[in-house]
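1. Next one to model:
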Amino acid sequence: MPNEPATTDRLHAFRMVVGGERRAGRGEQSVLVEPWSGQPFATVEMGTTDDLDDAVFAAAAAFDGSGWATGRPLDRAAVLGQVASTLRARTEEIGALEARNVGRPLAECRHNVELAADAFAYFASLSTHLRGASIPIGSGLLDYSLREPYGVCGLITPWNNPIVLSSWKIAAGLAAGNALVVKPASATPLSVLIMADLLEEAGLPGGILNVVPGPGGQLGDHLAAHPGVRKVSFTGSTATGIHVLQRAAPNLAKVSLELGGKSPSLVFADAEMDAAISGSVPAMFSNAGQMCTARSRILVQRSRYDEFLDRFVDRVGQLKMGSPFDDAVTLGPLISPAQVDTVLRFIERAKADGARIVCGGGRPSDPMLAAGNFVEPTVITGVKDDMEIVTEEVFGPVVVVEQFDDEDEVVRRVNASRYGLAATVWTRDLALAHRVAAVLQAGTVTINTTKVSHVYAPFGGYKQSGLGRELGLEGLDEFLQVKNVIVSTV
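-> Modelled structure (predicted):
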């Protein structure tokens with residue numbers, strides 16, 4: 001029977017999905033706890049490499065025998081479209097499950113369910129528009145190209161925004177006609193397991209989508225290196241992404257990577273300061289800063305620096321920590337005690353390097369928050385460009401605010417980063433905005449807005465922020481390979 005969301009009065013056991021069946025894993029059972037309360041709320045069957053082998057075998061059999069890839073594109077569109085509709089109909093229920101698993105405020109989780117629905121609706125529409133081309137190559141020959149699925153694709157999804165980031169991969173992979181094996185993050189596997197149920201209810205053939213939760217160091221390694229997997233899509237840290245690429249290399253499997261960032265906001269002196277400040281707070285502190293696109297480095301032109309810093313710190317101080325089910329809460333917990341320790345160590349090293357903590361910098365003193373994985377929203381100044389807190393991704397509620405003098409200087413400084421995922425420019429001078437956007441080394445540049453991903457547009461990074469793209473037409477292309485056919489007509 002399908003998995004069911006956990007209720008508030010009992011633990012519910014979630015099982016992996018292999019070959020269309022819900023089954024116990026060969027690994028240990030994992031107990032999930034609410035990040036803000038430390039209380040258990042669900043159990044999940046963890047898989048082993050043997051379970052993953054079963055899933056790859058089931059995916060290969062379904063790809064060859066179910067007709068998912070060779071059937072009518074309209075039928076694929078209908079399945080994906082129904083999932084979009086069901087997500088919207090069950091936004092409250094699934095959003096609450098996501099909030100319990102991740103700890104984000106419920107309003108954000110509801111919105112994320114809607115974004116997942118948008119991904120399924122969008123890729124449903126694209127599944128009926130797969131196109132090849134005819135190519136004139138000379139008399140007596142007909143040349144045409146076909147765009148075909150890879151077959152079995154391995155998806156390794158992250159813990160920080162599981163329902164949205166998993167939906168991007170799953171919807172695109174299925175729209176292209178592939179069979180999928182998903183290894184969700186062991187801390188946040190529930191939304192992917194629920195997604196598998198919704199796809200089954202919509203008519204997806206058994207074995208086309210398989211979900212095996214488990215430890216990334218074992219299962220992620222095994223999936224990336226599996227000879228039965230022709231395409232690997234990974235979202236996570238840059239260090240792990242490099243490892244995934246190395247694991248997949250002997251099989252020459254196609255790999256796409258959506259990795260880390262140290263994304264800057266550039267606030268020029270002529271910027272609309274109210275908009276820059278009100279936009280910079282959620283751009284940094286949504287999901288407690290646990291976002292690859294967090295604009296965690298803010299550079300403000302010198303003449304407006306003091307004004308920006310004072311007002312920004314005041315707004316940060318108004319963030320309220322607590323349960324995601326409290327409508328007044330605007331800053332949730334980190335995912336785990338281990339992540340808390342990681343973030344606090346970043347802050348301590350920044351202080352040791354000579355940086356100044358303007359606000360925050362530790363655990364909250366409120367005893368009501370003691371059981372949760374909370375870190376105060378932290379603003380740091382007095383930094384140098386070579387400090388770790390400036391160059392490395394913290395993945396927590398920590399932002400540095402710096403000064404700059406002119407356009408050439410700020411572009412040079414931010415482009416020195418090894419990352420290149422996102423950047424935001426605040427200015428009322430559109431010529432300046434377009435000039436800067438043209439030379440910033442980032443996969444997405446936003447001007448006077450902080451929204452960095454739209455389902456219709458490609459998303460991904462430059463440099464060590466990744467390979468390939470998600471979303472848009474490019475996101476579908478990542479799950480298709482091109483075949484060329486040449487026919488003699490004489």
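2. Going by the annotation, which residue ranges form each domain of this protein?
-> Domain assignment for the chain, taken from automatic domain parsing, gives 12-259+465-485, 264-454.
3. Out of the ones you listed, which one sits most buried?
-> Mean neighbour count (mean count of other CB atoms under 10 Å) peaks for domain 12-259+465-485 among those, with a mean of 21. Quick note: C-beta positions are derived from backbone N, CA and C, even for glycine.
4. how far is that domain from where the chain is centred?
-> Taking CA atoms, centre = their mean, to the nearest Å, one finds domain 12-259+465-485 lying 12 Å from the centre of the chain it belongs to.
5. one step back: got the domains of the chain as a markdown table, with mean pLDDT columns?
-> What follows is the domains of the chain, written out as a markdown table (pLDDT from 0 to 100):
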| stretch | mean pLDDT |
| --- | --- |
| domain 12-259+465-485 | 97 |
| domain 264-454 | 98 |
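6. show me where the stretch 301-450 of the chain has strands.
-> 356-359, 378-381, 398-404, 419-420, 422-426, 444-447 (DSSP state E, counting those that start in this stretch).
7. Show which residues not belonging to the third one make contact with it.
-> What it means is strand 398-404. Strand 398-404 has contacts (CB atoms under 8 Å, 6 or more residues apart in numbering) with 266, 284-285, 289, 294-302, 305, 308-309, 312, 343, 346-347, 355, 358, 360, 375, 378-381, 383, 389-390, 410, 413.
8. Pairing partners for that strand, with directions?
-> strand 297-301 (parallel), strand 378-381 (parallel) (DSSP bridges).
9. And for the fifth one?
-> Here strand 422-426 has these sheet partners by DSSP bridges: strand 264-267 (parallel), strand 444-447 (parallel).
10. Skip ahead from the first one and say which helix or strand is next.
-> As assigned by DSSP states H and E, the chain's next helix or strand after strand 264-267 is helix 273-285.
11. Show me what that next one is packed up against.
-> strand 264-267, helix 302-316, strand 422-426 (3 or more CB pairs under 8 Å, 6 or more residues apart in numbering; DSSP states H and E).
12. Convert it to CSV, retaining C-alpha atoms only.
-> Only the C-alpha atoms of helix 273-285 are listed here, as CSV (Å, rounded to 0.1, in the frame of the first residue of the first chain):
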residue,chain,number,x,y,z
MET,A,273,17.4,51.1,-0.4
ASP,A,274,14.0,50.0,1.0
ALA,A,275,13.8,47.4,-1.8
ALA,A,276,17.4,46.3,-1.4
ILE,A,277,17.1,45.8,2.4
SER,A,278,13.7,44.1,2.3
GLY,A,279,14.8,41.8,-0.5
SER,A,280,18.2,41.0,1.0
VAL,A,281,16.7,39.6,4.3
PRO,A,282,14.8,36.7,2.7
ALA,A,283,17.4,36.2,0.1
MET,A,284,19.8,35.3,2.9
PHE,A,285,17.7,34.0,5.7
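13. Just want the angle from it to strand 398-404.
-> Counting by axes from the mean of the first three to the mean of the last three CA atoms, to 10 degrees, helix 273-285 lies at 140 degrees to strand 398-404.
14. which other residues reach helix 273-285?
-> 265, 267, 293-296, 298, 304, 307-308, 311-312, 315-316, 319, 330-331, 377, 397, 399, 424, 426, 448-450.
15. So the closest residue to Gly20 other than its chain neighbours: helix, strand or coil?
-> Using CB to CB, 6 or more residues apart in numbering and skipping residues adjacent in sequence, the residue nearest Gly20 is Gly206, 2.1 Å away. What DSSP: H, G, I helix; E, B strand; the rest coil gives for Gly206 is coil.
16. Which residues are in contact with Gly206?
-> With contacts taken as CB under 8 Å, 6+ apart, Gly206 has the following neighbours: 19-21, 58, 62, 66, 200.
17. and which of these is nearest to Ile486?
-> Nearest to Ile486 out of those is Ser66 (CB to CB; 30.2 Å).
18. gap between the closest residue in space to the closest one that isn't next to it in sequence and Arg72?
-> Excluding the flanking residues, the one nearest Ser66 by CB to CB, 6+ apart is Pro205, at 3.8 Å. As judged by CB to CB, to the nearest Å, Pro205 and Arg72 stand 13 Å apart.
19. do Val181 as well
-> Using CB to CB, we find Val181 at a distance of 24 Å from Arg72.
20. returning to what we had before: quick check: the residue nearest to Ser66 vs Phe63, distance?
-> According to CB to CB, Pro205 stands 10 Å off from Phe63.
21. Check Asp327 too.
-> Applying CB to CB to Asp327 and Phe63 gives a distance of 45 Å.
22. got it, and Glu307?
-> In this view, Glu307 and Phe63 are 59 Å apart by CB to CB.
23. same deal with Ser127?
-> From Ser127 across to Phe63, the span is 16 Å (CB to CB).
24. Spell out for me which residue occupies the centre of the chain.
-> Among the residues of the chain, the one closest to the centroid is Leu165, at 3.9 Å (CA atoms, centre = their mean).
25. ok, now which ones touch that residue?
-> The contact partners of Leu165, by CB under 8 Å, 6+ apart, come to 157-158, 235, 258.
26. Confirm that it lies within a strand, as I assumed.
-> No. Assignment of Leu165 by three-state DSSP gives helix, placing it outside any strand.
27. Skipping its backbone neighbours, what lies nearest it in space?
-> Setting aside the residues directly before and after it, Leu165 is nearest to Thr235 in space (CB to CB, 6+ apart), at 5.3 Å.
28. Give the bridge partners for that neighbour, please.
-> Beta bridges link Thr235 to Glu258 when assigned by DSSP bridges.
29. hang on, isn't it packed against Pro158?
-> Yes. At 4.7 Å, Thr235 counts as touching Pro158 under the criterion of CB atoms under 8 Å.
30. What residues are bridge-paired with Val401?
-> Residues in beta-bridge contact with Val401 (DSSP bridges): Ile298.
31. any idea how far Gly279 is from it?
-> For Val401, the distance to Gly279 - CB to CB - is 14 Å.
32. and what of Met291?
-> In this view, Met291 and Gly279 are 14 Å apart by CB to CB.
33. what's near enough to touch the closest residue to Trp159 other than its chain neighbours?
-> In this structure, Trp159 finds its nearest non-sequential neighbour in Ala185, 3.5 Å apart by CB to CB, 6+ apart. Counting by CB under 8 Å, 6+ apart, Ala185 makes contact with 157-159, 162, 216.
34. That concludes my questions; thank you for your assistance.
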